[in-house]
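[1] build me a model:
(one chain, ligands or ions: 1)
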Amino acid sequence: MFIRKPPLPRMLLNNGSCMRNAQLILRNINASVHDGGALVLTGANGAGKSTFLRMLACFSRPSAGEILWNGHDITKSGVFEQYKLQLNWLSLKDAVKEKFTVLDNVQWFEVLEGKSGKSKAALELMGLGRLINEKARMLSMGQRKRLQLARVVAIDRPIWLLDEPSVALDTEGVKLLEHIITEHRKKGGIVFVATHLPIQIDDAMILRLPERFPRRKTMVDLLD
Ligand SMILES: Nc1ncnc2c1ncn2[C@@H]1O[C@H](COP(=O)(O)OP(=O)(O)OP(=O)(O)O)[C@@H](O)[C@H]1O
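    The predicted structure follows:
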């Protein structure tokens, strides 16, 4: 009888731990994500959500365990060079050039990517169509976040690493964010979201990271 092997997860985190500044931030994390999957990281401030994304982006190396992409260790040279081309990173640092127009701010990401033609449609999708020729310094915080999301859409890489993507967005902006995530996943894309705000992502795995610094017990706690 022929037994078909289950497909490898596109991303596999195998007992991953991560240290920063000689402190263990993440300990023995396991997760697997297939094409079209989503993993939402939650937890208190300082729990390690951004550190988790940094590790996936290879900005921080796992101190123990491994992260596999297509079954290959992402930290190995040869693998890393291909893996990093899969990533679309959105962080709180928005890299918006205030003297450039809104459109230029998306287009130069496309140019760096060797692509063209998707920036305008991406900005329109994110509700910034009428602002494309304005200087980026005119944008509000929420509009800057929409611009960042337009870059993610325009560049269109398979694995999205989104750090607090809904911060500063209004209700309609959050709906747009949820919409682009859904559409990306329909194409087989993968999404990792670190957030402390509620977000609606169907069938997402939720990983709640434990608080890192439990409050020391006081005399009052002990008497309670
Ligand atoms: N540049 C750094 N160098 C050393 N340690 C850091 C650095 N940045 C953060 N840390 C530590 O790593 C821990 C995890 O931080 P991280 O930013 O990953 O948490 P987070 O869950 O994303 O928090 P938040 O919800 O506040 O964004 C923090 O407790 C912090 O002390």
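[2] OK, contacts around the nearest residue to residue 108 once chain neighbours are set aside?
    Once flanking residues are discounted, residue 108 sits nearest to residue 100: 7.3 Å by CB to CB, 6 or more residues apart in numbering. Using the backbone N, CA and C atoms, a C-beta is placed for each residue, glycine as well. Neighbouring residues of residue 100 by CB atoms under 8 Å, 6 or more residues apart in numbering: 108, 135, 136.
[3] neighbours of the second one, how many?
    A total of 15 residues lie near residue 135 under the criterion other CB atoms under 10 Å.
[4] try the last one
    When neighbours are counted by other CB under 10 Å, residue 136 registers 21.
[5] correct me, but it touches residue 102?
    Yes: assessed by CB atoms under 8 Å, residue 136 is found in contact with residue 102 at 5.6 Å.
[6] what touches both of these two?
    residue 147.
[7] domain parsing for the protein?
    The chain is divided into the following domains under the TED database: 7-86+159-169+187-209, 94-156.
[8] hmm, back to that, adding pLDDT, distance to the ligand and secondary structure, write the contacts of residue 100 out as TSV.
    TSV is the format used below for the contacts of residue 100 (pLDDT from 0 to 100; distance: CB to the nearest ligand atom, whole Å; DSSP: H, G, I helix; E, B strand; the rest coil):
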residue	pLDDT	distance to the ligand	secondary structure
108	94	27	helix
135	98	29	strand
136	97	24	helix
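[9] check these against residue 125 and report the nearest one.
    Closest approach between these and residue 125, by CB to CB: residue 136, at 17.8 Å.
[10] between the two ends of stretch 82-101, how far is it?
    31 Å (CA to CA, to the nearest Å).
[11] chain center to it: distance?
    Taking CA atoms, centre = their mean, to the nearest Å, one finds the center of stretch 82-101 at 11 Å from the center of the full chain.
[12] returning to that earlier point: quick check: which of the domains of the chain is nearest to residue 180?
    domain 94-156 (5.7 Å).
[13] centre of the chain versus the closest one, how much separation?
    18 Å.
[14] which residues in this structure form strands?
    Assignment of strands within the chain using DSSP state E yields the ranges 11-20, 23-33, 38-42, 64-69, 72-73, 87-90, 159-163, 190-194, 205-208.
[15] quick one: mean pLDDT over the third one.
    Computed over strand 38-42, the mean pLDDT rounds to 98.
[16] for stretch 6-14, same thing?
    Stretch 6-14 comes out at a mean pLDDT of 91.
[17] got the contact list for it?
    Here stretch 6-14 has contacts from 29-35, 37, 56, 65-71, 159, 190, using CB under 8 Å, 6+ apart.
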